[in-house]
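# A structural model of the following input is requested.
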Amino acid sequence: MEFERALFRIHQRTLNSDPIRQVRIIWERWLPWVFLVLLASLVFLHTEYVGTARCLPIALAHAGLWNSTSQMPLVDDDTLLSITVVEQLGYGADLLDIRLQMPPPRPRGNGQGTLGSTAVGAAFSIGSENVTALSSSRGLFEAVPPSDDQDPGYRVLDQRPVVVAYRFAYDREVLFMRQSVFDKHHFKMHNITISDRCLSPARVVRDTLRLLDALDTVVINELAYTLKSRGYLERVEGTTKVESWAWSADQVNAVSASGWSGLFRKVLILAKAIVTFIIISSITGLFIRVAVNGSAVLMFPLAMFSQRFGSGRMPMGVLTRSFPWIGVYVEVLRRSNQSPGPLFRSHLIFLLLQSFSYLSCNLAWRFVLYRKSTPEGFEERCFSFCSALELFNLIFVRSQSSMLVFPKLTFACMVYLHFYVFAFLYPFHGLALGTAMVACVWVMVYSLNHFEVPALRGDPFSPLTPTAAHPRACYMPRLSPSWSLESAPLWTMFYTPEFPDAFPEEAMRHISNEEYAMP
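All right, here's what the predicted structure looks like:
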């Protein structure tokens with residue numbers, strides 16, 4: 001109970017803060033509009049770019065890699081593609097695969113270094129000819145091999161600024177081979193240039209894709225639904241791999257399932273989304289409770305240091321009453337003239353061990369639950385946001401209305417997020433997560449403004465009014481008298497509490513009596 005009362009004091013002071021109240025009002029007013037803008041953007045971008053390919057087939061046709069009769073690509077299993085998205089500066093030029101024949105500049109030195117810090121593409125060898133394509137912020141270049149009387153140079157393939165560059169192969173092992181293996185076995189690499197104006201004629205959409213770092217999503221869908229096969233893609237800067245993705249032919253074909261098989265697939269995805277969020281929520285909720293409970297031990301060494309070397313503004317008696325599940329033991333050790341250091345060390349080691357376990361769970365569940373390519377750091381952002389939801393739920397969800405509304409709406413938002421991510425090969429993960437986060441934050445703010453604040457102003461003797469005597473409007477039997485000082489065991493977070501009307505009047509009478517007994 002004292003653990004709940006300590007959290008209730010945080011809840012009470014936060015809601016009574018006038019600056020925070022002003023922020024809550026502003027957020028409640030504007031977050032719905034932000035949500036609608038993000039949702040409209042997600043619907044538009046998903047409709048335009050997910051599960052479809054419209055630019056890469058044209059680029060392959062320009063490169064002679066497209067069969068117009070069968071409408072299928074002519075890309076062998078051992079062929080590599082160098083894909084460069086360039087910025088189209090005007091309407092006068094062709095949209096795709098422009099190759100300007102210009103006099104080659106003659107840089108001296110080691111060749112590649114002459115591009116300086118502007119090089120953002122990659123260098124690739126094409127078969128045994130040792131021809132190298134370099135993407136830079138000034139355009140696409142081709143290395144000219146040195147002759148007897150000339151230095152190495154570059155021929156301009158495309159002067160348009162490079163937005164992003166990729167390497168693609170059907171199998172990742174091909175891209176991991178050494179250069180000598182490429183040269184010996186005459187692997188082919190085709191340079192494919194796609195204009196960003198082909199991806200979207202509208203400038204605002206192109207800027208949005210760049211702002212959201214969503215060009216990866218567009219290129220992956222272009223490749224997957226043009227080749228309709230397995231694939232491995234790397235985004236590169238210079239010769240450095242930035243990020244990679246892989247997918248199978250089954251994942252590409254499963255999205256197009258229809259009829260009963262499509263319905264059955266959606267049901268399985270929904271079940272997986274529900275189980276995923278329940279597991280993540282349970283793990284993060286358990287860790288948040290341990291972290292909040294154990295981190296209070298840090299207050300005691302600070303108070304003792306302040307009393308010994310400082311002004312002593314943090315009296316130990318206040319801390320002992322505020323955090324009795326630690327303060328009782330500190331007081332016993334001090335009265336026995338024993339050092340509380342081992343107690344603090346034990347709590348901190350336990351907290352560090354729990355933190356390590358939580359991070360390990362994050363890594364493990366990433367491979368168990370998210371068994372598909374996702375943007376780098378997406379799973380960590382999901383876990384972090386679930387931690388924020390659980391922390392808010394622990395501290396601020398105390399009234400009956402909040403308990404009925406907040407968990408259900410946040411559950412629906414997060415399940416829909418995971419359903420969207422699992423249902424498609426590679427959708428707009430970041431935009432979907434941002435939309436779900438804005439929706440959940442608005443539910444938080446609305447619950448505080450319309451449920452928690454009015455509840456604090458209710459009848460203090462009513463069991464439905466959160467007070468220091470009864471910090472929540474939901475109750476469970478006190479199964480151990482030690483809970484009056486200690487925090488309840490961790491298993492109680494899975495014990496479903498009940499509202500006061502579920503208990504007989506006699507069982508709830510001690511709640512009102514405790515309110516009278518509080519100083």
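
# what are the ranges of the helices in the stretch 151-300 of the chain?
172-175, 179-185, 196-199, 203-211, 215-227, 249-254, 259-295, 299-309 (DSSP state H, counting those that start in this stretch).

# which one of those lies closest to Y358?
helix 259-295 (4.3 Å; CB to CB). Any C-beta I mention is one placed from the backbone N, CA and C, and that applies to glycine too.

# residue ranges with poor pLDDT in the chain?
Applying pLDDT under 70 to the chain picks out residues 1-2, 89-160, 309-315, 318, 484-486, 510-519.

# quick one: A468 from V37, how far?
Separation of A468 from V37 (CB to CB, to the nearest Å): 42 Å.

# between those two, tell me which one has more neighbours.
More neighbours surround A468 than the other of A468 and V37, with 16 against 12 (other CB atoms under 10 Å).

# right, and the more buried one touches F8 too?
Yes: here A468 reaches F8: they are 6.2 Å apart, a contact under CB atoms under 8 Å.

# nearest to L464, out of the helices of the stretch 151-300 of the chain?
Smallest distance to L464 across the helices of the stretch 151-300 of the chain (CB to CB): 23.8 Å, for helix 259-295.

# got the domain ranges for the protein?
2-45+261-456, 56-254 (automatic domain parsing).

# closest one to R472 among those?
Among the domains of the chain, domain 2-45+261-456 comes nearest to R472, with 4.9 Å by CB to CB.

# now find how far off-centre that closest one is within its chain.
Taking CA atoms, centre = their mean, to the nearest Å, the mean C-alpha location of domain 2-45+261-456 is offset from the chain mean by 15 Å.

# tell me the contacts of the closest residue to Y358 other than its chain neighbours?
In space, and not counting its chain neighbours, Y358 is closest to F287: 4.3 Å by CB to CB, 6 or more residues apart in numbering. Applying CB atoms under 8 Å, 6 or more residues apart in numbering, we find F287 in contact with 354-355, 357-358, 387.

# K241 contacts E234, correct?
Yes: using CB under 8 Å, K241 makes contact with E234 at a distance of 5.0 Å.

# strands of the stretch 101-250 of the chain, start to end?
124-126, 131-136, 139-144, 153-158, 162-169, 189-195, 231-237, 240-247 (DSSP state E, counting those that start in this stretch).

# show me the helices in the stretch 1-150 of the chain, by range?
Here the stretch 1-150 of the chain has its helices, by DSSP H, counting those that start in this stretch, at 2-15, 18-49, 56-62.

# now render those helices as CSV, adding distance to Q71.
Below are the helices of the stretch 1-150 of the chain laid out as CSV (distance: least, CB to CB, whole Å):
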stretch, distance to Q71
helix 2-15, 61
helix 18-49, 20
helix 56-62, 8
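
# just those helices: most buried one?
For the helices of the stretch 1-150 of the chain, average neighbour numbers computed from mean count of other CB atoms under 10 Å are highest in helix 56-62, which has a mean of 21.

# for that helix, name the packing helices and strands.
With contacts defined as 3 or more CB pairs under 8 Å, 6 or more residues apart in numbering; DSSP states H and E, the packing partners of helix 56-62 are strand 189-195, helix 215-227.

# can those go into TSV with extra columns for mean neighbour count?
Formatted as TSV, these follow (neighbours: other CB atoms under 10 Å):
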stretch	mean neighbour count
strand 189-195	22
helix 215-227	23
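
# for E498, which non-adjacent residue is spatially closest?
Y475 (6.2 Å).

# show me what contacts that neighbour?
Y475 makes contact with 463, 497-500, 503, 508, 511 under the criterion CB under 8 Å, 6+ apart.

# I'd like the residues you listed written out as JSON lines, with neighbour count added.
Conversion of the contacts of Y475 to JSON lines gives the following (neighbours: other CB under 10 Å):
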{"residue": "P463", "neighbour count": "23"}
{"residue": "P497", "neighbour count": "13"}
{"residue": "E498", "neighbour count": "11"}
{"residue": "F499", "neighbour count": "14"}
{"residue": "P500", "neighbour count": "17"}
{"residue": "F503", "neighbour count": "16"}
{"residue": "M508", "neighbour count": "16"}
{"residue": "I511", "neighbour count": "17"}
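
# in JSON lines: these, plus secondary structure and distance to P454.
Shown next, in JSON lines, are the contacts of Y475 (DSSP: H, G, I helix; E, B strand; the rest coil; distance: CB to CB, whole Å):
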{"residue": "P463", "secondary structure": "coil", "distance to P454": "16"}
{"residue": "P497", "secondary structure": "coil", "distance to P454": "21"}
{"residue": "E498", "secondary structure": "strand", "distance to P454": "22"}
{"residue": "F499", "secondary structure": "coil", "distance to P454": "17"}
{"residue": "P500", "secondary structure": "helix", "distance to P454": "17"}
{"residue": "F503", "secondary structure": "coil", "distance to P454": "23"}
{"residue": "M508", "secondary structure": "helix", "distance to P454": "21"}
{"residue": "I511", "secondary structure": "helix", "distance to P454": "20"}
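
# and which of those residues is nearest D196?
Distances from D196 to the contacts of Y475, taken by CB to CB, are shortest for P497, at 54.6 Å.

# would you map the helices across the stretch 401-519 of the chain?
Under DSSP H, counting those that start in this stretch, the stretch 401-519 of the chain gives helices at 429-447, 453-456, 505-517.

# need the contact list for I395.
Here I395 is in contact with 7, 10-11 (CB under 8 Å, 6+ apart).

# that one: which element?
helix 378-396 (DSSP states H and E).

# and L319, by the same measure?
helix 316-322.

# against which helices or strands is that helix packed?
With contacts taken as 3+ CB pairs under 8 Å, 6+ apart, helix 316-322 sits against helix 299-309, helix 324-335.

# give me the buried positions along the shortest one.
Just to be clear, that refers to helix 299-309. Using 16 or more other CB atoms under 10 Å as the test for burial, helix 299-309 gives 299-300, 303-304.
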